[in-house]
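Participant: After the sequence you'll find the predicted model.
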Number of protein chains: 2
Amino acid sequence: VASRPPPDEFALIARHFAPLARDAPLAFGLTDDAAVIRPRVGQDMVVTTDTMVAGVHFLDDDPPGAIARKLLRVNLSDLAAKGARPVGYLLAATFTRAVTDDWLAAFAAGLAADQAEYGVALLGGDTTATDGPMVLTITACGEVPLGKMLPRGGAKAGDELFVSGTIGDAAVALAWRQGKLPRLPAAAADALRQRLLLPEPRLALGQGLLGVANACIDVSDGLVQDVGHLAECSGLACEIDVAATPLSPPVRALAQADGAWLDAALTGGDDYELAFAAPPAAAGAIAALAAALGLAITRIGRFATGAGVRVRDSRGAEMTFARRGYRHF
Amino acid sequence: VASRPPPDEFALIARHFAPLARDAPLAFGLTDDAAVIRPRVGQDMVVTTDTMVAGVHFLDDDPPGAIARKLLRVNLSDLAAKGARPVGYLLAATFTRAVTDDWLAAFAAGLAADQAEYGVALLGGDTTATDGPMVLTITACGEVPLGKMLPRGGAKAGDELFVSGTIGDAAVALAWRQGKLPRLPAAAADALRQRLLLPEPRLALGQGLLGVANACIDVSDGLVQDVGHLAECSGLACEIDVAATPLSPPVRALAQADGAWLDAALTGGDDYELAFAAPPAAAGAIAALAAALGLAITRIGRFATGAGVRVRDSRGAEMTFARRGYRHF
């Protein structure tokens, strides 16, 4: 089947993106300069923006629908970390001039699938073209009860550090994809690759942590670095127990065979799990949340007066890392 | 003076961008995943996003401060067209890896200048790197009284079409810059170039048009095309009287010498004036607004039942155009 040529800007928006705004009457079918968000009384608006660059955050031959869904999900993950309920999003897409209509259709279909999954709508956007790598930005908007947003900087000395799910799957999947990991069973590789391609924003967990957690972050740039943000913003030190840190079976097997994989898991990023601080008295509420959501939530450390993150291995020795997480420059 | 090397991502944000969020306590000094906007009761939030791509919307050797200010202003212009009062903005910046610290400092200084001028603050953002052309996206947030946003699609048959300021200055400046316009007095060239580099979002006008205009758009892609959006979204036809269309003296002189310059002025884009529909009874209110703002507002046409935009020259003949405005693809 031959690809149709790319449509002009207005036809492109009308054909692929306007249907994504159908359920948002205040998006005016994407024909206006702006969209309206009518916040409910008693709610704060939470806004966040994240960019993905071709060749950096995804590869040109990734499935377009998966690129779209990851772009939306990494933004929803930021809302999850704030305890916010997502409302909608704006898409600023800088496509290559050679983009095909089929590629755009698959990209829009990915957004449509996740809009249905997460109950959000496209509110507006801008479409431009570049001679260089594609650059895709979403700005996501959510709402959270007035003054209740989960901050990064609210941890208290004595709080415990928790993390959802498992850590390091995406980092291992990226290494596998880069050919650095020759021996991995196909089923394990598929499961890890799925974690890299299609993270699950922990929205229900974030909203459940309102009134339970004192501080929260989504683990996007590496556990050690992101826990460092929690500690620094809270003016505290944090200690991470590596023995307690949840790893999936293939990552655990790799880490046991070669400690470099443990380092990669702890610093590799793209986990999109929530790391949060909560007082010891919250343990029951957290256990109830984990059971209700069918999601592992593991206590992996504690906050104390002081500064910095210390990572202790299973014998209690302090680990050091060449880098603590992903940096863009 | 040697350029300092670019800082790492976090140092870059802390040094150049965090100061821009100082006056927005709910931006958390840009150290959080998201920012909070607390809308006032009785106000809608208006959100809009616009991207500028190096080599398309600006040139690599444009002054960084001017690039920053234009990026912010084109977004504020969208808010102006909705009658919204700007509140703040998010910046998703994909810089080249070779960006210098001096360039970033000048870019941030431009944002700081316009933040002071327009009373907005940086609320959040994302910083990434590309091997290709720089891509800069701002998402701007404003507020407008509940349900009062000026739409594109609200014009009524019998409404008159108005435009602020003068049309075509930026289009002529771009041609001058591209070397297509050898003879232009230096003072005239400077004035036109200023219009291209540093548009003025018509925020006070937009807010003054609440309750006065039935429909509004900012002229960003060319007068004929953007008036076409007003007409199409309103389900009406619109006629533009070219003889009434306000041109600055140098553009008028060029247009009289060669009709191609008139075409360029009417379709060239980057004007960032407001075009709006208002009933004849609003003439007094509009004249009062023009006087209060010290800004020309000119009646240049009318809306009627039907479809399409007709442009009549000074003899009443219908003009046709090779293209009606800017298209990205």
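Facilitator: Alright, I've got the coordinates.
Participant: where along chain A do the helices fall?
Facilitator: A:9-12, A:64-81, A:101-118, A:169-177, A:186-197, A:203-208, A:223-234, A:249-257, A:259-267, A:283-293 (DSSP state H).
Participant: most tightly surrounded among the ones you listed?
Facilitator: Between the helices of chain A, helix A:64-81 has the highest mean count of neighbours, a mean of 26, where neighbours are mean count of other Cβ atoms under 10 Å in any protein chain shown. Every residue, glycine included, has its C-beta placed from N, CA and C.
Participant: hang on, the earlier thing: right, so of the helices of chain A, which gets closest to B:Q256?
Facilitator: Among the helices of chain A, helix A:9-12 comes nearest to B:Q256, with 32.5 Å by Cβ to Cβ.
Participant: and the closest one with chain B, contact?
Facilitator: Yes. Using Cβ under 8 Å from any Cβ of the partner chain, helix A:9-12 reaches chain B at A:9-10, A:12.
Participant: Not counting sequence-adjacent ones, nearest residue to the closest residue to chain B within chain A?
Facilitator: Chain B sits closest to A:G132 of chain A, with a gap of 1.7 Å, by Cβ to the nearest Cβ. Nearest residue to A:G132 in three dimensions, chain neighbours excluded: B:G132, at 1.7 Å (Cβ to Cβ, 6 or more residues apart in numbering or on different chains).
Participant: ok, A:E239 - contacts?
Facilitator: The contact partners of A:E239, by Cβ atoms under 8 Å, 6 or more residues apart in numbering or on different chains, come to A:301-302, A:304, A:309-312.
Participant: Determine which two of these are furthest apart.
Facilitator: A:A304 and A:V311 (14.3 Å).
Participant: Looking at the two, which one has more neighbours?
Facilitator: Taking other Cβ atoms under 10 Å in any protein chain shown, A:A304 and A:V311 do not tie; A:V311 has more neighbours (24 against 14).
Participant: dump the residue contacts of the more buried one.
Facilitator: Taking Cβ under 8 Å, 6+ apart, one finds A:224, A:239-240, A:242, A:266, A:318-319, A:321 in contact with A:V311.
Participant: Which pair of those residues spans the longest distance?
Facilitator: Maximum distance among the contacts of A:V311 (Cβ to Cβ): 14.8 Å, for A:E239 and A:F321.
Participant: Low-confidence bits of the stretch 101-250 of chain A, can you list those?
Facilitator: A:182 (pLDDT under 70).
Participant: Surely A:A84 touches A:M149?
Facilitator: Yes. Counting by Cβ atoms under 8 Å, A:A84 does reach A:M149; the two are 6.9 Å apart.
Participant: Which members of the contacts of A:V311 occur in strands, if any?
Facilitator: A:239-240, A:318-319 (DSSP state E).
Participant: Weed out the non-buried ones from these.
Facilitator: Listed as buried from the ones in strands among the contacts of A:V311 are A:239-240; burial here means 16 or more other Cβ atoms under 10 Å in any protein chain shown.
Participant: In CSV: the ones in strands among the contacts of A:V311, plus distance to B:G158.
Facilitator: Below are the ones in strands among the contacts of A:V311 laid out as CSV (distance: Cβ to Cβ, whole Å):
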residue, distance to B:G158
A:E239, 73
A:I240, 70
A:E318, 78
A:M319, 75
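Participant: for the ones in strands among the contacts of A:V311, which one is nearest B:L210?
Facilitator: A:I240 (53.8 Å).
Participant: who has more neighbours, A:A84 and A:M149?
Facilitator: Set A:A84 next to A:M149 and count neighbours by other Cβ under 10 Å: A:A84 wins out with 32 against 26.
Participant: Leaving out chain neighbours, which residue sits closest to the more buried one?
Facilitator: A:G142 (3.3 Å).
Participant: Was I right to think that neighbour contacts A:Y89?
Facilitator: No. The criterion here is Cβ under 8 Å, and A:G142 misses it with A:Y89 at 9.4 Å.
Participant: Between those two, tell me which one has more neighbours.
Facilitator: Shown here are A:G142 and A:Y89; by other Cβ under 10 Å, A:Y89 has more neighbours (33 against 29).
Participant: How confident was the prediction at A:A18?
Facilitator: pLDDT, A:A18: 83.
Participant: Give the burial count for it, as a bare number.
Facilitator: As a burial measure, A:A18 scores 18 neighbours (other Cβ under 10 Å).
Participant: swap in A:R302?
Facilitator: Counted with other Cβ under 10 Å, the neighbours of A:R302 add up to 19.
Participant: got the contact list for it?
Facilitator: A:R302 neighbours (Cβ under 8 Å, 6+ apart): A:158-161, A:238-239.
Participant: mind redoing it with 10 Å?
Facilitator: A:R302 makes contacts with A:155, A:157-161, A:236-241, A:277, A:280, as judged by Cβ atoms under 10 Å, 6 or more residues apart in numbering or on different chains.
Participant: Enumerate the residues of the stretch 151-300 of chain A near chain B.
Facilitator: A:151-153, A:215-218, A:220-221, A:225-226, A:229, A:232-233 (Cβ under 10 Å from any Cβ of the partner chain).
Participant: I'd guessed A:L262 sits against A:L247; true?
Facilitator: Yes. Using Cβ atoms under 10 Å, A:L262 makes contact with A:L247 at a distance of 8.2 Å.
Participant: which residues are in contact with both of the two?
Facilitator: What both A:L262 and A:L247 touch, as defined by Cβ under 10 Å, 6+ apart, is the set A:168, A:254-256.
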